[in-house]
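Asks: please work out how this folds:
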Amino acid sequence: MKVIICEDDLEQRQFLQNVIRRYSSFHLPSIEIALCASTPEEVISYIENHSAECYILDIELNSSINGLELARIIRKQDPLATIIFVTTFANKLKLTFKYKVAALDFIIKTSNQQLLANNIIEALTTAYQHYLTLGHNSSTKVLQIKVGENIKNIRYEDIYYFETSSIPHKIRVHSKNGIYEFYGKLKDLEKLDPRFCRSHNSYLINIDYLHEYDVKNKILIMENGHECLVSYRYAKNIVKHLV
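Replies: Predicted coordinates for the structure are as follows:
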């Protein structure tokens, strides 16, 4: 689960970062901090090309965009994202309903750092449980895989293609956020969604990211620049989607 922090105060930002890293190291290795930002603009720029599952936001960000407005931007882009507010201003709670951002938690900053750390950890644990359930809900369009000891959720829309690995019984998924190997079968993945189209015994592509079909050389060029093979058996499959 990728976490993004947005906090304009350096000391508070480092505190949040340390609490999350320490907790994830010992308890939830599947949690990683993708971005620790001081401005909402950094977050907006990041999520244009990347995704995250959990956002921890201050409300007052010393910017023309406050945390509530940032949350609304995040929510429009990713309705499934978990949003946690950490703020000094208890009276801002009612505004989360006005902005309709459906926050998971609203944590009040306190001078008692142990209490604040415990509240953050509790919210983070709940967010992770939500993260795990997404992979078991067919309506969310999320592929959940195990990579080593970590659990990763990959949205269908972020997947370029799958290919068989050189390691028996393993599949390699090429996504916008990286390349990962996991145990599985292409024939099972093929059933996940109509956008996944078999092109070869070793390849299953996301037809939405097909950039070019070299018919003569039986090669597909994907939007990320990678080439996938096409076999005679599955050539009609590809043509059917191109019509």
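
Asks: need the next SSE after the least confident helix or strand in the chain by mean pLDDT, C-terminal direction.
Replies: Least confident helix or strand of the chain, by mean pLDDT, DSSP states H and E, is helix 93-98 with a mean of 62. Proceeding N to C from helix 93-98, the next assigned helix or strand is strand 105-108, under DSSP states H and E.

Asks: check the offset of stretch 22-38 from the chain's centre.
Replies: Relative to its chain's centre, stretch 22-38 lies at 14 Å (C-alpha atoms, centre = their mean, to the nearest Å).

Asks: and for stretch 147-154?
Replies: Taking mean C-alpha positions (C-alpha atoms, centre = their mean), stretch 147-154 and its chain are 11 Å apart.

Asks: next one: stretch 51-71
Replies: 17 Å.

Asks: using CSV, list the CA coordinates for that stretch.
Replies: C-alpha atoms of stretch 51-71 as CSV (Å, rounded to 0.1, in the frame of the first residue of the first chain):
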residue,chain,number,x,y,z
SER,A,51,-1.0,6.2,-8.0
ALA,A,52,-1.2,5.7,-4.2
GLU,A,53,-3.8,4.1,-1.9
CYS,A,54,-3.6,6.1,1.3
TYR,A,55,-3.2,9.9,1.8
ILE,A,56,-2.3,11.5,5.1
LEU,A,57,-3.1,15.2,4.8
ASP,A,58,-2.8,18.3,6.9
ILE,A,59,-5.7,20.7,6.4
GLU,A,60,-3.9,24.1,6.6
LEU,A,61,-1.0,23.8,4.1
ASN,A,62,0.1,27.4,3.7
SER,A,63,-1.1,27.3,0.1
SER,A,64,-4.0,28.5,-2.1
ILE,A,65,-5.0,24.8,-2.0
ASN,A,66,-5.9,23.5,1.5
GLY,A,67,-6.0,19.9,2.5
LEU,A,68,-9.7,19.6,2.0
GLU,A,69,-9.5,20.9,-1.6
LEU,A,70,-6.5,18.5,-2.2
ALA,A,71,-8.6,15.6,-0.9
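
Asks: switch to numbering from 4
Replies: With 4 as the first residue, the last one maps to stretch 54-74.

Asks: in which helix or strand does residue 118 reside?
Replies: Per DSSP H and E: helix 116-137 holds residue 118.
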